[in-house]
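Visitor: take a look and give me a structure for this.
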Amino acid sequence: MKRTKIVDVLKDTEYGKDVCVKGWVRTHRSSKAVDFIALNDGSTIKNVQVVVDAGVVSEETLKQITTGSCISVNGKLVESPAKGQASEIHCESIEIYGLCGSDYPMQKKGQTFEYMRQYAHLRLRTNTFGAVMRIRHNMAIAIHRYFHEHGFFYFHSPLITASDCEGAGQMFQVTTKNLYDLKKDDEGKIIYDDDFFGKQTSLTVSGQLEGELGATALGAIYTFGPTFRAENSNTPRHLAEFWMIEPEVAFIDLNDLMDLEEDFIKYCVQWALDNCKDDLQFLNQFVDKTLIERLEGVLKETFVRLPYTKGIEILQEAIKNGKKFEFPCQWGDDLASEHERYLVEEYFKKPVIMTDYPKEIKAFYMKINEDGKTVQGTDVLFPQIGEIIGGSVREENYDKLMAEIERRNVPMKDMWWYLDTRKYGSCPHGGFGLGFERLILFVTGMQNIRDVIPFPRTPKSAEF
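Guide: Residues are numbered from 1 along each chain as shown. Here you go, the predicted structure:
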(Lines give C-alpha, C1' and ligand atoms only; values in the text may rest on other atoms or scores of the structure.)
Protein backbone atom coordinates (compact mmCIF):
# COMPACT_ATOMS: atom_id res chain seq x y z
CA MET A 1 0.00 0.00 0.00
CA LYS A 2 1.22 3.50 -0.84
CA ARG A 3 2.38 5.59 2.12
CA THR A 4 0.37 8.64 3.21
CA LYS A 5 2.14 11.40 5.14
CA ILE A 6 0.80 11.92 8.64
CA VAL A 7 0.07 15.60 7.94
CA ASP A 8 -2.36 14.44 5.23
CA VAL A 9 -3.82 11.58 7.27
CA LEU A 10 -4.76 14.02 10.05
CA LYS A 11 -6.67 16.20 7.58
CA ASP A 12 -8.51 13.26 6.01
CA THR A 13 -12.13 12.64 7.04
CA GLU A 14 -12.78 9.70 4.71
CA TYR A 15 -13.20 7.32 7.63
CA GLY A 16 -13.10 3.59 6.99
CA LYS A 17 -10.45 3.82 4.25
CA ASP A 18 -7.22 1.81 4.35
CA VAL A 19 -4.06 3.85 4.98
CA CYS A 20 -0.35 3.21 5.37
CA VAL A 21 1.78 5.47 7.56
CA LYS A 22 5.49 5.26 8.29
CA GLY A 23 7.49 7.09 10.91
CA TRP A 24 9.20 7.13 14.29
CA VAL A 25 7.57 6.19 17.57
CA ARG A 26 7.16 9.06 20.00
CA THR A 27 5.45 7.04 22.75
CA HIS A 28 4.15 3.51 23.22
CA ARG A 29 1.61 2.66 25.94
CA SER A 30 0.54 -0.90 26.56
CA SER A 31 -2.28 -2.64 28.40
CA LYS A 32 -3.69 -6.15 28.22
CA ALA A 33 -6.47 -5.22 25.81
CA VAL A 34 -4.89 -2.56 23.62
CA ASP A 35 -1.66 -0.71 22.72
CA PHE A 36 -1.42 2.98 21.78
CA ILE A 37 1.47 4.12 19.61
CA ALA A 38 2.05 7.82 18.87
CA LEU A 39 3.74 8.01 15.46
CA ASN A 40 5.42 10.99 13.82
CA ASP A 41 7.05 11.26 10.39
CA GLY A 42 8.31 14.86 10.51
CA SER A 43 5.62 16.23 8.17
CA THR A 44 3.81 17.90 11.10
CA ILE A 45 4.27 18.61 14.79
CA LYS A 46 1.24 16.40 15.45
CA ASN A 47 1.41 12.65 15.97
CA VAL A 48 -1.11 10.16 14.69
CA GLN A 49 -2.37 7.67 17.25
CA VAL A 50 -2.15 4.03 16.18
CA VAL A 51 -4.49 1.73 18.13
CA VAL A 52 -3.37 -1.92 18.22
CA ASP A 53 -5.99 -4.32 19.55
CA ALA A 54 -4.84 -7.45 21.38
CA GLY A 55 -3.89 -10.27 19.05
CA VAL A 56 -3.47 -8.13 15.92
CA VAL A 57 0.32 -7.96 16.37
CA SER A 58 2.29 -10.49 18.42
CA GLU A 59 3.27 -9.51 21.95
CA GLU A 60 6.90 -10.23 21.10
CA THR A 61 6.82 -7.72 18.23
CA LEU A 62 5.03 -5.06 20.29
CA LYS A 63 7.56 -5.34 23.11
CA GLN A 64 10.34 -4.38 20.70
CA ILE A 65 8.65 -1.16 19.60
CA THR A 66 10.09 1.48 21.90
CA THR A 67 10.47 5.26 21.67
CA GLY A 68 12.57 6.13 18.61
CA SER A 69 11.82 2.92 16.70
CA CYS A 70 10.93 3.26 13.03
CA ILE A 71 7.86 1.35 11.83
CA SER A 72 5.35 1.05 9.01
CA VAL A 73 1.67 0.66 9.90
CA ASN A 74 -1.21 -0.50 7.72
CA GLY A 75 -4.69 0.05 9.06
CA LYS A 76 -8.05 1.79 8.84
CA LEU A 77 -8.60 5.51 9.34
CA VAL A 78 -11.32 5.96 11.96
CA GLU A 79 -12.87 8.87 13.83
CA SER A 80 -11.21 9.21 17.20
CA PRO A 81 -13.20 9.22 20.43
CA ALA A 82 -10.28 10.84 22.26
CA LYS A 83 -10.01 14.58 22.92
CA GLY A 84 -7.64 16.68 20.85
CA GLN A 85 -7.53 14.46 17.75
CA ALA A 86 -10.07 14.04 14.97
CA SER A 87 -8.85 10.68 13.73
CA GLU A 88 -6.70 7.69 14.54
CA ILE A 89 -5.58 4.50 12.84
CA HIS A 90 -6.80 1.04 13.84
CA CYS A 91 -3.80 -1.13 13.14
CA GLU A 92 -4.03 -4.23 10.91
CA SER A 93 -0.28 -4.90 10.56
CA ILE A 94 3.09 -3.47 11.58
CA GLU A 95 6.47 -3.77 9.91
CA ILE A 96 9.54 -2.81 11.92
CA TYR A 97 12.23 -0.94 9.98
CA GLY A 98 14.59 -0.05 12.80
CA LEU A 99 14.55 -0.80 16.52
CA CYS A 100 15.78 1.65 19.12
CA GLY A 101 17.56 0.59 22.32
CA SER A 102 17.27 2.00 25.81
CA ASP A 103 20.43 4.05 25.21
CA TYR A 104 18.62 6.29 22.66
CA PRO A 105 19.62 9.81 23.81
CA MET A 106 16.35 11.52 22.84
CA GLN A 107 13.84 9.31 24.61
CA LYS A 108 13.53 11.25 27.87
CA LYS A 109 11.44 14.36 28.24
CA GLY A 110 12.69 17.61 29.71
CA GLN A 111 16.22 17.48 28.30
CA THR A 112 18.06 20.81 28.08
CA PHE A 113 18.94 22.34 24.73
CA GLU A 114 22.58 22.23 25.78
CA TYR A 115 22.31 18.47 26.31
CA MET A 116 20.64 18.02 22.92
CA ARG A 117 23.41 19.92 21.12
CA GLN A 118 25.67 16.96 21.90
CA TYR A 119 23.32 14.88 19.75
CA ALA A 120 22.59 17.30 16.90
CA HIS A 121 22.24 14.31 14.58
CA LEU A 122 19.33 12.97 16.65
CA ARG A 123 17.77 16.10 18.18
CA LEU A 124 16.03 16.80 14.85
CA ARG A 125 13.58 14.02 15.72
CA THR A 126 12.26 15.87 18.77
CA ASN A 127 9.11 18.00 18.62
CA THR A 128 10.96 21.26 19.26
CA PHE A 129 13.61 20.81 16.60
CA GLY A 130 11.14 19.42 14.11
CA ALA A 131 9.10 22.60 14.58
CA VAL A 132 12.16 24.84 14.23
CA MET A 133 13.33 23.12 11.04
CA ARG A 134 9.89 23.27 9.40
CA ILE A 135 9.73 26.99 10.22
CA ARG A 136 13.26 27.42 8.85
CA HIS A 137 12.11 25.86 5.57
CA ASN A 138 9.07 28.12 5.45
CA MET A 139 11.17 31.22 6.03
CA ALA A 140 13.40 30.25 3.10
CA ILE A 141 10.31 29.85 0.92
CA ALA A 142 8.96 33.23 2.09
CA ILE A 143 12.25 34.96 1.27
CA HIS A 144 12.39 33.59 -2.27
CA ARG A 145 8.71 34.39 -2.85
CA TYR A 146 9.03 37.94 -1.56
CA PHE A 147 11.92 38.85 -3.80
CA HIS A 148 10.49 37.05 -6.82
CA GLU A 149 7.16 38.87 -6.40
CA HIS A 150 8.99 42.21 -6.13
CA GLY A 151 11.07 41.80 -9.28
CA PHE A 152 14.41 40.80 -7.75
CA PHE A 153 16.68 38.22 -9.36
CA TYR A 154 18.32 35.44 -7.32
CA PHE A 155 22.06 36.01 -7.72
CA HIS A 156 24.75 33.52 -6.75
CA SER A 157 27.85 35.14 -5.27
CA PRO A 158 31.04 33.06 -4.80
CA LEU A 159 31.84 31.28 -1.55
CA ILE A 160 35.58 31.37 -2.24
CA THR A 161 36.95 34.88 -2.54
CA ALA A 162 40.16 36.91 -2.48
CA SER A 163 38.41 39.96 -0.99
CA ASP A 164 37.33 40.80 2.56
CA CYS A 165 34.01 42.65 2.41
CA GLU A 166 33.96 43.70 6.04
CA GLY A 167 37.66 44.56 6.31
CA ALA A 168 37.88 42.67 9.59
CA GLY A 169 40.30 40.00 8.41
CA GLN A 170 38.51 37.27 10.36
CA MET A 171 38.23 34.85 7.48
CA PHE A 172 38.75 31.11 6.99
CA GLN A 173 41.56 30.50 4.54
CA VAL A 174 41.07 28.12 1.61
CA THR A 175 44.20 26.37 0.38
CA THR A 176 45.55 23.18 -1.16
CA LYS A 177 49.06 23.88 0.12
CA ASN A 178 50.91 21.44 2.34
CA LEU A 179 50.67 23.18 5.70
CA TYR A 180 53.66 21.19 6.99
CA ASP A 181 55.95 22.51 4.27
CA LEU A 182 55.06 26.09 3.37
CA LYS A 183 57.21 28.00 0.88
CA LYS A 184 58.07 31.48 2.13
CA ASP A 185 59.87 34.48 0.66
CA ASP A 186 62.83 36.37 2.15
CA GLU A 187 60.48 38.35 4.41
CA GLY A 188 58.90 35.18 5.79
CA LYS A 189 55.63 35.66 3.91
CA ILE A 190 53.93 32.61 2.43
CA ILE A 191 54.27 32.24 -1.35
CA TYR A 192 50.92 31.36 -2.94
CA ASP A 193 52.11 30.98 -6.54
CA ASP A 194 51.73 27.19 -6.34
CA ASP A 195 48.40 27.26 -4.52
CA PHE A 196 45.23 26.23 -6.37
CA PHE A 197 44.14 29.78 -7.22
CA GLY A 198 47.66 31.24 -7.30
CA LYS A 199 46.80 33.70 -4.56
CA GLN A 200 45.54 33.75 -0.97
CA THR A 201 41.80 32.94 -0.86
CA SER A 202 39.22 32.60 1.88
CA LEU A 203 35.61 31.66 2.54
CA THR A 204 33.34 34.63 2.05
CA VAL A 205 32.05 36.77 4.92
CA SER A 206 29.42 38.37 2.67
CA GLY A 207 28.18 38.31 -0.89
CA GLN A 208 27.51 42.06 -0.87
CA LEU A 209 30.37 43.30 -3.05
CA GLU A 210 29.54 40.84 -5.82
CA GLY A 211 25.86 41.61 -5.23
CA GLU A 212 26.56 45.25 -6.03
CA LEU A 213 27.89 44.15 -9.43
CA GLY A 214 24.64 42.28 -10.03
CA ALA A 215 22.46 45.23 -9.00
CA THR A 216 24.30 47.58 -11.35
CA ALA A 217 23.42 45.26 -14.24
CA LEU A 218 20.07 43.66 -13.33
CA GLY A 219 18.59 46.46 -11.23
CA ALA A 220 17.61 44.43 -8.18
CA ILE A 221 19.15 41.18 -6.99
CA TYR A 222 19.36 39.14 -3.80
CA THR A 223 21.82 36.56 -2.58
CA PHE A 224 20.89 33.79 -0.15
CA GLY A 225 23.67 31.46 0.88
CA PRO A 226 26.21 30.43 3.50
CA THR A 227 28.76 32.89 4.86
CA PHE A 228 31.68 32.35 7.22
CA ARG A 229 33.25 34.36 10.03
CA ALA A 230 36.34 33.21 11.93
CA GLU A 231 35.37 35.22 15.02
CA ASN A 232 36.11 33.59 18.36
CA SER A 233 32.64 34.54 19.62
CA ASN A 234 31.02 32.15 22.07
CA THR A 235 27.70 33.95 22.39
CA PRO A 236 24.08 32.91 21.84
CA ARG A 237 24.01 35.18 18.75
CA HIS A 238 27.11 34.11 16.76
CA LEU A 239 28.02 31.23 14.47
CA ALA A 240 31.13 30.61 12.39
CA GLU A 241 28.96 29.36 9.51
CA PHE A 242 25.58 30.92 8.90
CA TRP A 243 23.24 31.93 6.08
CA MET A 244 22.75 35.46 4.80
CA ILE A 245 20.13 37.15 2.65
CA GLU A 246 21.56 40.21 0.89
CA PRO A 247 19.39 42.20 -1.51
CA GLU A 248 21.03 44.98 -3.50
CA VAL A 249 19.05 47.57 -5.46
CA ALA A 250 20.00 50.20 -8.02
CA PHE A 251 18.50 53.70 -7.77
CA ILE A 252 17.41 53.33 -4.15
CA ASP A 253 17.70 56.04 -1.48
CA LEU A 254 17.80 55.79 2.31
CA ASN A 255 14.04 56.10 2.84
CA ASP A 256 13.26 53.53 0.15
CA LEU A 257 15.83 51.19 1.70
CA MET A 258 14.19 51.43 5.12
CA ASP A 259 10.78 50.83 3.53
CA LEU A 260 12.15 47.71 1.84
CA GLU A 261 13.64 46.39 5.10
CA GLU A 262 10.37 46.85 6.99
CA ASP A 263 8.15 45.46 4.24
CA PHE A 264 10.38 42.44 3.71
CA ILE A 265 10.59 41.39 7.34
CA LYS A 266 6.85 41.89 7.89
CA TYR A 267 6.19 39.66 4.88
CA CYS A 268 8.33 36.91 6.42
CA VAL A 269 6.62 37.18 9.81
CA GLN A 270 3.17 37.12 8.18
CA TRP A 271 4.20 34.04 6.19
CA ALA A 272 5.17 32.25 9.39
CA LEU A 273 1.84 33.09 11.06
CA ASP A 274 -0.09 31.96 7.98
CA ASN A 275 1.86 28.79 7.18
CA CYS A 276 3.40 27.52 10.43
CA LYS A 277 0.41 27.71 12.78
CA ASP A 278 0.78 24.31 14.47
CA ASP A 279 4.54 24.66 14.98
CA LEU A 280 4.21 28.21 16.32
CA GLN A 281 1.48 27.16 18.73
CA PHE A 282 3.71 24.38 20.03
CA LEU A 283 6.67 26.72 20.49
CA ASN A 284 4.40 29.33 22.07
CA GLN A 285 3.29 26.72 24.61
CA PHE A 286 6.62 25.11 25.43
CA VAL A 287 9.42 27.55 24.52
CA ASP A 288 8.18 31.16 24.69
CA LYS A 289 4.67 31.95 25.85
CA THR A 290 4.77 35.45 24.31
CA LEU A 291 5.95 34.29 20.87
CA ILE A 292 2.77 34.64 18.81
CA GLU A 293 1.82 37.89 20.55
CA ARG A 294 5.27 39.31 19.70
CA LEU A 295 5.06 38.22 16.06
CA GLU A 296 1.62 39.75 15.68
CA GLY A 297 2.89 42.92 17.37
CA VAL A 298 5.59 43.38 14.72
CA LEU A 299 2.92 43.39 12.01
CA LYS A 300 0.79 45.99 13.77
CA GLU A 301 3.54 48.54 14.38
CA THR A 302 5.24 50.97 12.04
CA PHE A 303 8.96 50.68 12.73
CA VAL A 304 10.53 53.72 14.41
CA ARG A 305 13.08 55.60 12.24
CA LEU A 306 15.73 56.73 14.73
CA PRO A 307 18.95 58.65 13.97
CA TYR A 308 21.92 57.25 15.92
CA THR A 309 22.58 60.61 17.60
CA LYS A 310 19.03 60.72 18.96
CA GLY A 311 19.38 57.10 20.12
CA ILE A 312 22.52 57.97 22.08
CA GLU A 313 20.69 60.88 23.73
CA ILE A 314 17.87 58.54 24.80
CA LEU A 315 20.33 56.01 26.22
CA GLN A 316 22.31 58.65 28.11
CA GLU A 317 19.10 60.07 29.57
CA ALA A 318 18.19 56.55 30.73
CA ILE A 319 21.60 56.23 32.43
CA LYS A 320 21.02 59.56 34.21
CA ASN A 321 17.72 58.18 35.46
CA GLY A 322 19.37 55.10 36.98
CA LYS A 323 19.41 52.59 34.10
CA LYS A 324 22.46 50.30 34.36
CA PHE A 325 24.28 49.10 31.25
CA GLU A 326 27.29 46.79 31.19
CA PHE A 327 28.94 48.63 28.28
CA PRO A 328 29.62 52.38 27.84
CA CYS A 329 27.38 54.44 25.61
CA GLN A 330 28.98 57.60 24.21
CA TRP A 331 28.59 59.15 20.77
CA GLY A 332 30.91 57.20 18.51
CA ASP A 333 30.46 53.87 20.34
CA ASP A 334 29.12 50.86 18.51
CA LEU A 335 25.91 50.01 20.36
CA ALA A 336 25.83 46.75 22.29
CA SER A 337 22.88 44.37 22.16
CA GLU A 338 21.73 45.62 25.59
CA HIS A 339 21.49 49.19 24.24
CA GLU A 340 19.58 48.09 21.16
CA ARG A 341 17.17 46.00 23.20
CA TYR A 342 16.54 48.84 25.65
CA LEU A 343 15.47 51.10 22.78
CA VAL A 344 13.24 48.43 21.26
CA GLU A 345 11.80 46.67 24.31
CA GLU A 346 11.66 49.38 26.98
CA TYR A 347 11.69 52.81 25.37
CA PHE A 348 9.77 52.53 22.08
CA LYS A 349 8.25 49.06 22.63
CA LYS A 350 8.36 48.43 18.89
CA PRO A 351 11.01 47.64 16.24
CA VAL A 352 13.48 50.41 15.47
CA ILE A 353 15.44 51.23 12.32
CA MET A 354 18.51 53.15 13.45
CA THR A 355 20.21 55.34 10.87
CA ASP A 356 23.08 57.78 10.34
CA TYR A 357 25.82 56.06 12.31
CA PRO A 358 29.29 57.57 12.88
CA LYS A 359 31.38 56.68 9.83
CA GLU A 360 34.25 55.38 11.98
CA ILE A 361 32.21 52.39 13.21
CA LYS A 362 30.79 51.42 9.82
CA ALA A 363 32.21 49.92 6.61
CA PHE A 364 34.20 51.87 4.03
CA TYR A 365 31.56 51.57 1.29
CA MET A 366 28.74 53.42 3.10
CA LYS A 367 27.66 56.79 1.71
CA ILE A 368 28.85 59.66 3.92
CA ASN A 369 26.27 62.30 4.88
CA GLU A 370 26.79 66.01 4.24
CA ASP A 371 27.92 66.48 7.86
CA GLY A 372 31.07 64.48 7.01
CA LYS A 373 30.75 62.53 10.27
CA THR A 374 27.89 60.07 9.72
CA VAL A 375 26.93 57.55 7.07
CA GLN A 376 23.66 56.38 5.54
CA GLY A 377 23.71 53.06 7.36
CA THR A 378 20.59 51.34 8.67
CA ASP A 379 20.24 48.69 11.37
CA VAL A 380 16.86 47.10 12.07
CA LEU A 381 16.59 46.37 15.78
CA PHE A 382 14.13 43.76 17.04
CA PRO A 383 12.87 42.69 20.47
CA GLN A 384 14.89 39.89 22.08
CA ILE A 385 17.38 39.89 19.18
CA GLY A 386 18.85 43.35 18.86
CA GLU A 387 20.22 43.90 15.34
CA ILE A 388 18.51 41.64 12.81
CA ILE A 389 19.29 43.59 9.61
CA GLY A 390 22.25 45.79 8.69
CA GLY A 391 22.25 47.84 5.51
CA SER A 392 23.27 51.08 3.86
CA VAL A 393 23.21 53.28 0.83
CA ARG A 394 26.55 52.66 -0.90
CA GLU A 395 28.96 55.39 -1.98
CA GLU A 396 28.67 55.49 -5.78
CA ASN A 397 31.19 58.29 -6.42
CA TYR A 398 34.60 56.90 -7.38
CA ASP A 399 36.67 59.76 -5.94
CA LYS A 400 34.81 59.79 -2.62
CA LEU A 401 35.02 56.00 -2.28
CA MET A 402 38.75 56.00 -3.08
CA ALA A 403 39.36 58.80 -0.56
CA GLU A 404 37.73 56.70 2.18
CA ILE A 405 39.59 53.54 1.13
CA GLU A 406 42.91 55.39 1.30
CA ARG A 407 42.06 57.07 4.61
CA ARG A 408 41.33 53.68 6.16
CA ASN A 409 44.16 51.82 4.39
CA VAL A 410 41.70 49.20 3.13
CA PRO A 411 43.63 46.55 1.10
CA MET A 412 42.10 46.78 -2.39
CA LYS A 413 44.73 45.09 -4.58
CA ASP A 414 42.37 42.20 -5.43
CA MET A 415 39.26 44.39 -5.73
CA TRP A 416 39.84 46.37 -8.91
CA TRP A 417 36.66 44.80 -10.26
CA TYR A 418 34.60 46.37 -7.44
CA LEU A 419 36.01 49.83 -8.12
CA ASP A 420 35.15 49.44 -11.82
CA THR A 421 31.45 49.76 -10.93
CA ARG A 422 32.22 53.35 -9.86
CA LYS A 423 34.29 54.05 -12.99
CA TYR A 424 31.91 52.76 -15.63
CA GLY A 425 28.29 53.90 -15.48
CA SER A 426 28.09 54.30 -11.73
CA CYS A 427 24.63 54.62 -10.18
CA PRO A 428 23.11 55.22 -6.73
CA HIS A 429 22.42 51.90 -5.03
CA GLY A 430 22.00 50.28 -1.64
CA GLY A 431 21.06 47.10 0.14
CA PHE A 432 21.08 45.18 3.38
CA GLY A 433 22.09 41.90 4.96
CA LEU A 434 19.81 39.73 7.07
CA GLY A 435 21.31 36.91 9.10
CA PHE A 436 18.91 34.04 8.37
CA GLU A 437 19.46 32.37 11.73
CA ARG A 438 18.64 35.60 13.56
CA LEU A 439 15.34 35.73 11.71
CA ILE A 440 14.68 32.12 12.74
CA LEU A 441 15.56 32.98 16.36
CA PHE A 442 12.94 35.71 16.33
CA VAL A 443 10.24 33.68 14.60
CA THR A 444 10.69 30.59 16.80
CA GLY A 445 11.33 32.23 20.17
CA MET A 446 14.46 30.10 20.63
CA GLN A 447 17.19 31.69 22.75
CA ASN A 448 20.40 30.33 21.23
CA ILE A 449 21.44 30.58 17.59
CA ARG A 450 22.98 27.09 17.84
CA ASP A 451 19.44 25.74 18.11
CA VAL A 452 18.04 27.14 14.86
CA ILE A 453 20.56 25.60 12.44
CA PRO A 454 20.82 21.81 12.04
CA PHE A 455 24.54 21.50 12.69
CA PRO A 456 26.07 24.58 14.36
CA ARG A 457 29.67 25.55 13.66
CA THR A 458 31.21 27.43 16.59
CA PRO A 459 34.73 27.81 18.04
CA LYS A 460 36.20 24.37 18.87
CA SER A 461 33.04 22.67 17.55
CA ALA A 462 32.68 21.15 14.09
CA GLU A 463 30.90 17.91 14.90
CA PHE A 464 28.55 16.05 12.57
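
Visitor: buried residues in stretch 400-411?
Guide: Under the neighbour-count criterion of 16 or more other Cβ atoms under 10 Å, stretch 400-411 has 401, 404-405, 410 buried. Glycine gets a C-beta too; all of them are placed from N, C-alpha and C.

Visitor: how far off centre is that stretch?
Guide: Mean-position distance between stretch 400-411 and its chain equals 33 Å (Cα atoms, centre = their mean, to the nearest Å).

Visitor: for stretch 65-74, same thing?
Guide: With Cα atoms, centre = their mean, you get 32 Å for stretch 65-74.

Visitor: with stretch 204-214 instead?
Guide: For stretch 204-214, the distance to the chain centre is 19 Å (Cα atoms, centre = their mean).

Visitor: re earlier: how about the buried residues of stretch 400-411 in a markdown table, adding pLDDT?
Guide: Converted to a markdown table, the buried residues of stretch 400-411 look like this (pLDDT from 0 to 100):
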| residue | pLDDT |
| --- | --- |
| Leu401 | 94 |
| Glu404 | 92 |
| Ile405 | 91 |
| Val410 | 85 |
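
Visitor: next, Lys2: phi, psi?
Guide: phi -70, psi 140 (degrees, to the nearest 10).

Visitor: repeat that for the one 3 residues further on.
Guide: With angles defined as degrees, to the nearest 10, Lys5 shows backbone torsions of phi -70, psi 150.

Visitor: now do the one 5 residues further on
Guide: In terms of degrees, to the nearest 10, the main-chain angles of Leu10 are phi -70, psi -20.

Visitor: circling back: and of the buried residues of stretch 400-411, the nearest to Thr235?
Guide: Ranked by distance to Thr235 (Cβ to Cβ), those are led by Val410 at 26.9 Å.

Visitor: and that closest one, that one's in a helix?
Guide: No. Counting by DSSP: H, G, I helix; E, B strand; the rest coil, Val410 is not found in a helix; it is coil.

Visitor: that one and Ser87, how far apart?
Guide: According to Cβ to Cβ, to the nearest Å, Val410 stands 63 Å off from Ser87.

Visitor: quick one: mean pLDDT over stretch 150-158.
Guide: For stretch 150-158, mean pLDDT is 97.

Visitor: name the element Asp53 belongs to?
Guide: Under the criterion of DSSP states H and E, Asp53 resides in strand 48-53.

Visitor: show residues contacting that strand.
Guide: Strand 48-53 is contacted from outside by 6, 9-10, 21, 33-40, 62, 73, 75, 80, 82, 85, 87-91, 94, using Cβ atoms under 8 Å, 6 or more residues apart in numbering.

Visitor: that one pairs with which strands, and in what direction?
Guide: Strand 48-53 sits in its sheet next to strand 34-40 (antiparallel), strand 87-98 (parallel), going by DSSP bridges.

Visitor: now the shortest one: buried residues?
Guide: Within strand 34-40, the residues scored as buried using 16+ other Cβ under 10 Å are 35, 37-40.

Visitor: just send these back as JSON lines, with distance to Asp263 and pLDDT too.
Guide: Shown next, in JSON lines, are those (distance: Cβ to Cβ, whole Å; pLDDT from 0 to 100):
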{"residue": "Asp35", "distance to Asp263": "52", "pLDDT": "96"}
{"residue": "Ile37", "distance to Asp263": "46", "pLDDT": "97"}
{"residue": "Ala38", "distance to Asp263": "41", "pLDDT": "96"}
{"residue": "Leu39", "distance to Asp263": "41", "pLDDT": "97"}
{"residue": "Asn40", "distance to Asp263": "36", "pLDDT": "97"}
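
Visitor: quick check: the farthest pair among these?
Guide: Farthest pair in those (Cβ to Cβ) is Asp35 and Asn40. Separation: 16.6 Å.

Visitor: and the pLDDT for the residue lying farthest from the centre of the chain?
Guide: Distance from the C-alpha centroid of the chain peaks at Gly55, with 48.5 Å (Cα atoms, centre = their mean). In this prediction, Gly55 carries a pLDDT score of 91.

Visitor: got it, and the one 4 residues further on?
Guide: For Glu59, the model assigns a pLDDT of 92.

Visitor: now it: how far from Val52?
Guide: The value you get for Glu59 to Val52, if Cβ to Cβ is used, is 11 Å.

Visitor: more neighbours: which of these two?
Guide: With neighbours defined as other Cβ atoms under 10 Å, Glu59 and Val52 compare such that Val52 has more, 24 against 10.

Visitor: look up how far Lys189 lies from that one.
Guide: Counting by Cβ to Cβ - Val52 and Lys189 are separated by 71 Å.

Visitor: and Lys320, by the same measure?
Guide: Distance of Lys320 to Lys189, given as Cβ to Cβ: 52 Å.

Visitor: same check, this time on Val34
Guide: For Val34, the distance to Lys189 - Cβ to Cβ - is 75 Å.

Visitor: and the contacts of strand 48-53, which are buried?
Guide: Burial by neighbour count, 16+ other Cβ under 10 Å: within those this picks out 6, 9-10, 21, 35, 37-40, 62, 73, 75, 80, 87-89, 91, 94.

Visitor: so how far does stretch 442-458 reach from one end to the other?
Guide: One end of stretch 442-458 sits 20 Å from the other (Cα to Cα, to the nearest Å).

Visitor: and what of stretch 425-434?
Guide: Where stretch 425-434 begins and where it ends lie 28 Å apart, using Cα to Cα.

Visitor: what is the distance between it and the centre of its chain?
Guide: A distance of 23 Å separates the centroid of the chain from that of stretch 425-434, by Cα atoms, centre = their mean.

Visitor: show me what counts as buried in that stretch.
Guide: Neighbour counts using 16+ other Cβ under 10 Å place 429-434 of stretch 425-434 among the buried residues.

Visitor: buried ones in stretch 177-192, by neighbour count?
Guide: Buried-residue list, stretch 177-192, by 16+ other Cβ under 10 Å: Tyr192.

Visitor: nope, stretch 129-137 is what I was after
Guide: Buried, per 16+ other Cβ under 10 Å, within stretch 129-137: 129-136.

Visitor: list the buried residues for the strand holding Asp53?
Guide: When burial is assessed from 16+ other Cβ under 10 Å, strand 48-53 yields the following buried residues: 48-52.

Visitor: and what about Asn284, helix, strand or coil?
Guide: Once three-state DSSP is applied, Asn284 turns out helix.

Visitor: that one touches Ile292, doesn't it?
Guide: Yes. Between Asn284 and Ile292 there is a contact under Cβ atoms under 8 Å: 4.8 Å.
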